[in-house]
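Enquirer: Any chance you can model this:
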Amino acid sequence: MEEALSGIETSPEVCGGEPRVAGTRIPVWLLVQARRLGTNEAEILRAYPSLRAEDLTSAWAYYRDHREEIERQIRDNEAA
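Expert: Below is the predicted model:
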């Protein structure tokens with residue numbers, strides 16, 4: 001499991017092992033795709049009340065560091 005300190009965790013038994021916000025079932029790719037489609041942070045936080053602004057900061061940082069992985073997950077989920 002990835003360190004929860006970063007705010008992002010992975011485990012094979014949750015969300016198919018996709019990186020997600022720690023303590024949730026909200027994958028990073030979903031948040032990145034929402035932002036890409038024009039949803040701003042305030043709207044994301046309203047849609048997912050369990051998230052905090054810090055969680056979004058962690059998701060954006062994870063995306064910056066793992067862009068290819070997240071882009072592949074977005075493509076895979078769009079094709080499904």
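
Enquirer: burial count for residue 9?
Expert: Counted with other Cβ atoms under 10 Å, the burial measure for residue 9 works out to 19 neighbours. No exception for glycine: its C-beta is placed from N, CA and C like everyone else's.

Enquirer: Skipping its backbone neighbours, what lies nearest it in space?
Expert: Taking Cβ to Cβ, 6 or more residues apart in numbering, and ignoring the residues beside it in sequence, residue 9 has residue 22 as its nearest neighbour in space, at 4.6 Å.

Enquirer: How many residues are close by the one you found?
Expert: If you count neighbours by other Cβ under 10 Å, residue 22 ends up with 18.

Enquirer: in stretch 51-59, what's buried?
Expert: Taking 16 or more other Cβ atoms under 10 Å as the neighbour-count basis, stretch 51-59 is seen to contain the buried residues 51, 55-56, 58-59.

Enquirer: Might you calculate how far that stretch sits from the centre of the chain?
Expert: Distance of stretch 51-59 from the chain centroid (Cα atoms, centre = their mean, to the nearest Å) equals 9 Å.
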